[in-house]
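Q: no sequence on hand, only this structure:
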């Protein structure tokens, strides 16, 4: 990708030069190359070197040789020597693009973005159908890059399946852990707000540059945050709602104040936690506060889950993002948030937050009011819980 006109595509092996937000070139520390035949365990020499179908370790080519036999072979005695090790070819690393943006905040001086483009995408011939932003708890460059290269990751699989560019970045703790906005005194809340306001503006500026340089959509972003990344994502989304189509935050334990500007784009929300996670009650409080403001939101509390992810939540996120894409496709003159609110208000399926059972139609009256979670369609309901017949 051209970052301010220059691409910083790197493989983490070997050393690379990176571009800061102000065009400064920074030399990264070198990282040792992948294992080769020179640092594999040594094996004893083969006692019968004239195998006509021997593979040479360096080239891997077949080299026929004579049929001379060693003394052990002439005497029909098996050789005790072990074969030489052959280098195992490693697949090339997926190329990533990175950009550093300064925030001028001591708590997080810079944001380091990493971007994985869908296969076949190029700025001069863009094919990406959107951007999926993945906010994790990671801070180290190697860990962030590895998360985008993990082909077994559910979030990577989803991005590949839907032709989305996958974006991640480093996070920092910029809030009081375990305390939401209404659990802080006014000076503390004001201080935290000012810090994150600056960091959010730097993030938005960096994403705008990335999207323009790589010819990616600048809005309609799908945002997923987990753990510390869930705190980060929630605070980002309430400040920059117009950038996001849908947001999923999982196992956050503190929340910023929900806001709703009816003249702007409001993201579609999925909030999930575990009933054993310390942030469970704060998640429920954020859900009810958002409902009161008319923010379209689904809440899921997974039974038996602590501060962790699980396949059940991964599947719900995938179905929810698919639902959000369908809502976006249905939009005419109305906003996606208006359509989801309509689906929730007319919901024929309602989940019980405690039992995880889903009731149809009038039978949902059996659920206590504070435990009701309206679900917008059948697919979301199936992923959310068990539908009673």
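A: Ah, there it is. Note that the coordinates shown come from a computational prediction; the quantities given were computed from them, not determined experimentally.

Q: make it CA atoms for all contacts and neighbour counts henceforth
A: Fine.

Q: give me every residue that touches the residue positioned nearest the centre of the chain.
A: Residue closest to the average C-alpha location in the chain (Cα atoms, centre = their mean): residue 134, at 3.0 Å. By Cα atoms under 8 Å, 6 or more residues apart in numbering, the contact set of residue 134 is 155, 166-169, 223-225.

Q: helix or strand for it, which one?
A: Following DSSP states H and E, the helix or strand that holds residue 134 is strand 130-135.

Q: pairing partners for that strand, with directions?
A: According to DSSP bridges, strand 130-135 forms sheet pairs with strand 164-169 (parallel), strand 221-226 (parallel).

Q: what's opposite the residue nearest to the centre of the chain in the beta bridge?
A: Beta bridges link residue 134 to residue 168, residue 224, judged by DSSP bridges.

Q: gap between it and residue 237?
A: Computed as Cα to Cα, to the nearest Å, the residue 134 to residue 237 distance reads 13 Å.

Q: shared neighbours of these two, which are they?
A: Common neighbours of residue 134 and residue 237, using Cα under 8 Å, 6+ apart, do not exist here.

Q: coming back round to it: got CSV for the strands paired with strand 130-135, with distance to residue 330, mean neighbour count and mean pLDDT too?
A: Formatted as CSV, the strands paired with strand 130-135 follow (distance: least, Cα to Cα, whole Å; neighbours: other Cα atoms under 10 Å; pLDDT from 0 to 100):
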stretch, distance to residue 330, mean neighbour count, mean pLDDT
strand 164-169, 20, 24, 97
strand 221-226, 17, 23, 98
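
Q: how's this structure carved up into domains?
A: As assigned by automatic domain parsing, the chain contains the domains 43-89, 96-333, 347-389.

Q: run through who's touching the helix or strand where residue 142 lies.
A: Per DSSP H and E, residue 142 falls inside helix 141-149. Helix 141-149 has contacts (Cα under 8 Å, 6+ apart) with 12, 93-94, 96, 112, 114-116, 138, 153, 156, 166, 168-170.

Q: give me that answer again for 10 Å
A: For helix 141-149, the external contacting residues (Cα atoms under 10 Å, 6 or more residues apart in numbering) are 10-12, 93-98, 112-116, 134-138, 140, 153, 155-156, 166-170.

Q: so who does residue 105 touch?
A: Residue 105 neighbours (Cα under 10 Å, 6+ apart): 194-196, 198-199.

Q: could I get the buried residue list for the helix holding residue 142?
A: 141, 144-145, 147-149 (16 or more other Cα atoms under 10 Å).

Q: spatially, which two of the residues you listed are the most separated?
A: 141 and 149 (12.5 Å; Cα to Cα).

Q: sketch out the low-pLDDT regions of the chain for me.
A: Residues of the chain meeting the criterion pLDDT under 70: 1-83, 262-263.

Q: this completes my enquiry, with thanks.
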